[in-house]
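*Asks:* Provided below for reference: sequence and predicted model.
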Amino acid sequence: MSRATVAIESQLTPYSQALSDAGYRVVPLTDTTLKSAEAVVVQGSDDNFLGIEDPLTKAPIINATGLTAQQVVNEVKRRTALES
């Protein structure tokens, strides 16, 4: 079973490994991957994500700040299940 594609900020390596180990396809967060990802993991978040006024994705954006790698995996599982 193929799991969702998750775009993740480059500095979140431990989270990338945990998501990959859980079977997710993990890609670096870029303008291109943002459009095709089924979930996005960032460090910190605000109303003006990536300095962009209009959202470029309908994918859930998960703020990893203060979460363990396993909590991020669980949140990605929960949020991508709600979207399908």
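*Replies:* Alright, I've got the coordinates.

*Asks:* contacts only, for the closest residue to E75 other than its chain neighbours.
*Replies:* The shortest distance from E75 to any non-neighbouring residue, by CB to CB, 6 or more residues apart in numbering, is to I62 (5.1 Å). To be clear about C-beta, it is placed using only N, CA and C from the backbone, and glycine gets the same treatment. I62 sits next to A39, V40, V41, V42, V72, E75, V76, R79 when contact means CB atoms under 8 Å, 6 or more residues apart in numbering.

*Asks:* now the helices for this structure?
*Replies:* 13-21, 31-36, 69-83 (DSSP state H).

*Asks:* so which of those helices comes closest to R3?
*Replies:* Nearest to R3, of all these, is helix 69-83, at 7.7 Å by CB to CB.

*Asks:* sorry, back to before: identify the farthest-apart pair in the contacts of I62.
*Replies:* Across the contacts of I62 (CB to CB), the longest gap, 13.2 Å, separates V42 and R79.

*Asks:* burial count for the closest residue to R25 other than its chain neighbours?
*Replies:* Nearest residue to R25, sequence neighbours excluded (CB to CB, 6+ apart): T5, at 4.5 Å. For T5, the neighbour count with other CB atoms under 10 Å is 16.

*Asks:* if I pick T5, what's in contact with it?
*Replies:* Applying CB under 8 Å, 6+ apart to T5 gives the contacts Y24, R25, V26, V27, T33, S36, A37, E38, A39.

*Asks:* now do the last one, the pLDDT please.
*Replies:* A39 is assigned 94 on the pLDDT scale.

*Asks:* again with L12
*Replies:* 93.
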